[in-house]
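*Asks:* here is the input, now give the coordinates:
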Amino acid sequence: MPAIAYLNRLLPGLQPLLKYRAADLPHDISAGLAVAAVSIPVAIAYAEIAGLSPSAGLYSSILPLIVYALAGTSRQMIIGPDAATCAMIAAVVAPMAAGNSGLYLSFSIALTLLTGIFCLAASFLRLGALADFLARPILVGLLNGIALSIMVGQIGKVLGSKPQASRLFRQLLEIPELVLQAHMPTVLLSLACVLVMAVMPRLSQRLPGSLVTMALAGLAAYLLRLDEMGVALIGPVASGLPSLEWPDLQLHEVGDLAGAAAGLALVLFTSGMLTARSFAERNRYDIDVDREFAAFGLANIVAAVSQGFAVTGSSSRTAVNDANGGRTQMVGIVAAVAVALLLLAGTDWLAWLPIPALGVVLIFASWSLLDLQVFRRYHQVERAALLLGAVTMLGVLAFGAIKAIVLAVTLALLMFVRRVARPDLEQLVTVRGRPGLYNRLLFPDARPIDGLLLLRFCGPLVFFNASHFRSEVQRAIARQAAPVERVVLDLIPMTNIDITGIDMLERLDEELAVQGIVLTLAGRQIEFERWLQVTGHPDESLRQRAYPTMRQAIRQWHGRDEGAAEEDAESEAETAAPTREAVAEAPPARSDEAGGNGNERA
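*Replies:* Next up, the predicted model:
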């Protein structure tokens, strides 16, 4: 029994397959064939981005799919070659191979193997939460940068010209020269492929436009003998299933590839998790992020062993699965078997696929990744997100994906540290007709209570922000037009106070006392008393000026006697549950009402 339990934990997809329902089979076969129809042209096209043979793309669409179906926790996600990972592979391996095709393949397989090992290690260490630290703006910037790079990189192929530049900005300057060198038969074929790709979604939502485009282009190449006119073709594609070989890695190669493999593991896992989570949420089931890390690791290891390259979750192929009614992990197995049968049946016809058609398919696929409108939203909502996304996108365009990710993650961490080290100090006010307390910035016309300054420090009070806290309190006092007699500090947002924070409260208390101002604390009364005790500062004066809620501190200032305790409790209960009308009128910009009512519930 323990062995079975361990096997189920190692391969969470195995148990559902062992209990497979016959009623699901027709739906899964239909969805699996649809996924295979999309995967075949896309795998060949993405292999072109990675700088590898078409057969490598097909190999990456067989065993990884089967392994993920057994080891993954998403019932719907389809994994395989991806534009972002392929572009990263090319950026890392091309300089190391220096034009040697044998070394290029070896390094690509080694990079994929190391990526899988890093994913397995991350799963063992339960680092699935790392996906949350690669912020959404970074991923958006990464995908936008890669999409632009791929689109510009296909211009030479669809024109039949031979570009010389390797970096995007130089490629852009080279475009006029490529247009002048354009090969007319290639241009006409590319325009026809563009027309088919644009029209197919309107004619049929189920029939993949990329498959139809490449099939028609291959047929045209065969019937019209386009190769004799100078149109570039893919050429012979190896048939048969891949041989399973363990990559031969040298120690110095491991060191050279390790950093890139770690970055690639983080990117492909994060990108895949976005797909898995979105479809799991849509279909109301849960996924295990740590088990997903292991599933990605196993899938990439078998991709390397079977002469393929790095794979991740594909949003487009998963959407095809969902749209065609796929119900279980069996869809991935059916798609893998279909690709394997293609390789066994023969790949002679693939040799007639024109490279310009692949370029058009890649341009359309990259266009679907491109989302520049999101930057306008970031500009309206959060400038920091705009900065992260823009830096990542420009970094990808300037010096490659791996370095851009390192730069963006470093910038994100610095911004996070700054946000934690320099939290906002908000002045709170009461608003007529609304229960609770509000940030004065949202209600600038609200009049503070005479002699009373209500403050909320939006973060923990610890060693790296204690001095900032003290300075901000003094500035808030200095900004008041009327004299301040008492400062009430809301402790609810202070999730932690260390010894430096306690000392800073005592110092602030002494400074305010010299100014004739009384420091009062509200909220987290029990926690604060324990903080005083644990940190060795049983300051009875501060302890006696701590109230359970901001409301009680305000009522004490108004001189309410102790006999009103019952009335206070009832009033606080009402404040904690605002009326439907008050909720409906509350401004959507920030949830300050929740913060205010949190004081009442404390």
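*Asks:* what segments of the stretch 1-150 of the chain are strands?
*Replies:* Taking DSSP state E, counting those that start in this stretch to define them, one finds strands in the stretch 1-150 of the chain at 78-80.
*Asks:* all helices of the stretch 401-550 of the chain, in order?
*Replies:* 401-421, 466-478, 499-514, 525-534, 540-544, 550-557 (DSSP state H, counting those that start in this stretch).
*Asks:* can you say which of those is packed in most?
*Replies:* The highest mean neighbour count among these, using mean count of other CB atoms under 10 Å, belongs to helix 550-557: a mean of 22. The way it works is simple: take the backbone N, C-alpha and C, and place the C-beta from them, glycine included.
*Asks:* who does that helix touch, helix- and strand-wise?
*Replies:* With contacts defined as 3 or more CB pairs under 8 Å, 6 or more residues apart in numbering; DSSP states H and E, the packing partners of helix 550-557 are strand 452-457, strand 486-490, strand 518-522, helix 565-576, helix 592-601.
*Asks:* ranking these by mean pLDDT, which is last?
*Replies:* Here the lowest mean pLDDT among the helices and strands packed on helix 550-557 goes to helix 592-601, at a mean of 40.
*Asks:* lowest confidence element among the helices and strands of the chain?
*Replies:* helix 580-585 (a mean of 37; mean pLDDT, DSSP states H and E).
*Asks:* remind me which residues of this protein are low pLDDT?
*Replies:* Counting by pLDDT under 70, the chain contains low-confidence residues at 1-6, 131-134, 249, 535-540, 560-602.
*Asks:* most centrally placed residue in it?
*Replies:* Taking CA atoms, centre = their mean, the centroid of the chain lies closest to Arg136, which sits 4.5 Å from it.
*Asks:* spatially nearest residue to that one (excluding sequence neighbours)?
*Replies:* On the basis of CB to CB, 6 or more residues apart in numbering, the spatially nearest residue to Arg136 that is not a chain neighbour turns out to be Ala385, at 7.7 Å.
*Asks:* now do the buried residues in the host helix or strand of that neighbour.
*Replies:* Secondary structure here is read from DSSP states H and E; on that basis Ala385 sits in helix 383-399. By 16 or more other CB atoms under 10 Å, the buried positions in helix 383-399 come out as 384-393, 395-397.
*Asks:* what of stretch 233-246?
*Replies:* Of the residues in stretch 233-246, those scored as buried under the neighbour-count criterion (16+ other CB under 10 Å) are Leu233, Ile234, Val237, Pro242.
*Asks:* okay if I get those as TSV plus distance to Leu453?
*Replies:* Shown next, in TSV, are the buried residues of stretch 233-246 (distance: CB to CB, whole Å):
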residue	distance to Leu453
Leu233	77
Ile234	73
Val237	75
Pro242	72
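*Asks:* arrange those residues in JSON lines, one row each, with distance to Ile502 and secondary structure as further columns.
*Replies:* As requested, those are exported to JSON lines (distance: CB to CB, whole Å; DSSP: H, G, I helix; E, B strand; the rest coil):
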{"residue": "Leu233", "distance to Ile502": "75", "secondary structure": "strand"}
{"residue": "Ile234", "distance to Ile502": "70", "secondary structure": "coil"}
{"residue": "Val237", "distance to Ile502": "71", "secondary structure": "coil"}
{"residue": "Pro242", "distance to Ile502": "64", "secondary structure": "coil"}
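*Asks:* what's the closest of these to Tyr285?
*Replies:* Pro242 (32.9 Å; CB to CB).
*Asks:* hang on, isn't that closest one packed against Ser306?
*Replies:* Yes: with contacts counted by CB atoms under 8 Å, Pro242 reaches Ser306, the gap being 4.4 Å.
*Asks:* which neighbours do these two share?
*Replies:* Common contacts of Pro242 and Ser306, defined by CB atoms under 8 Å, 6 or more residues apart in numbering, comprise Tyr59, Ile62.
*Asks:* now do the contacts for Arg126.
*Replies:* Contacts here follow CB under 8 Å, 6+ apart; on that basis Arg126 touches Asp290.
*Asks:* now it: how far from Leu413?
*Replies:* For Arg126, the distance to Leu413 equals 21 Å [CB to CB, to the nearest Å].
*Asks:* and the closest residue to Val93 other than its chain neighbours, how many residues sit next to it?
*Replies:* Nearest-residue entry for Val93: Phe107, 4.5 Å, with adjacent residues in sequence omitted and distances by CB to CB, 6+ apart. As a burial measure, the neighbour count of Phe107 was computed by other CB atoms under 10 Å and equals 24.
*Asks:* Phe107 against Ala91, yeah?
*Replies:* No: applying CB under 8 Å, one finds Phe107 not in contact with Ala91, separated by 12.0 Å.
*Asks:* residues making contact with stretch 220-237?
*Replies:* Outside stretch 220-237, the residues that touch it by CB under 8 Å, 6+ apart are 44, 53-55, 58, 157, 160, 183, 185-186, 189, 192, 347-356, 358.
*Asks:* now that stretch, how far from the centre of its chain.
*Replies:* Chain-centre distance of stretch 220-237: 41 Å, with CA atoms, centre = their mean, to the nearest Å.
*Asks:* and it, C-alpha only, in PDB?
*Replies:* Included here for stretch 220-237 are C-alpha records, laid out as PDB according to Å, rounded to 0.1, in the frame of the first residue of the first chain:
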ATOM      1  CA  ALA A 220       1.800  24.200 -54.300                       C
ATOM      2  CA  ALA A 221       5.500  23.600 -53.900                       C
ATOM      3  CA  TYR A 222       5.100  20.000 -55.100                       C
ATOM      4  CA  LEU A 223       2.800  20.800 -58.100                       C
ATOM      5  CA  LEU A 224       4.500  24.000 -59.200                       C
ATOM      6  CA  ARG A 225       8.100  22.800 -58.400                       C
ATOM      7  CA  LEU A 226       8.700  26.000 -56.500                       C
ATOM      8  CA  ASP A 227      12.200  24.700 -55.500                       C
ATOM      9  CA  GLU A 228      13.300  25.100 -59.100                       C
ATOM     10  CA  MET A 229      12.100  28.700 -58.900                       C
ATOM     11  CA  GLY A 230      14.400  29.400 -55.900                       C
ATOM     12  CA  VAL A 231      11.800  29.000 -53.100                       C
ATOM     13  CA  ALA A 232      13.500  27.500 -50.000                       C
ATOM     14  CA  LEU A 233      12.000  24.200 -48.800                       C
ATOM     15  CA  ILE A 234      12.500  22.400 -45.500                       C
ATOM     16  CA  GLY A 235      14.100  19.400 -47.100                       C
ATOM     17  CA  PRO A 236      14.200  15.800 -46.000                       C
ATOM     18  CA  VAL A 237      12.800  15.100 -42.500                       C
END
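*Asks:* and the helix with the most length in the chain, what other elements does it pack with?
*Replies:* Scanning the chain for the longest helix, with DSSP state H as the assignment, gives helix 251-282. Counting by 3+ CB pairs under 8 Å, 6+ apart, the packing neighbours recorded for helix 251-282 are helix 83-97, helix 101-124, helix 136-153, helix 289-305, strand 312-314, helix 315-323, helix 401-421.
*Asks:* looking at the ones you listed, which one is packed in the most?
*Replies:* Among these, highest average neighbours (mean count of other CB under 10 Å) belong to strand 312-314, with a mean of 28.
*Asks:* got the helices and strands packed on helix 251-282 as CSV, with distance to Ala522 columns?
*Replies:* Formatted as CSV, the entries for the helices and strands packed on helix 251-282 read as follows, by distance: least, CB to CB, whole Å:
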stretch, distance to Ala522
helix 83-97, 49
helix 101-124, 43
helix 136-153, 35
helix 289-305, 38
strand 312-314, 48
helix 315-323, 48
helix 401-421, 23
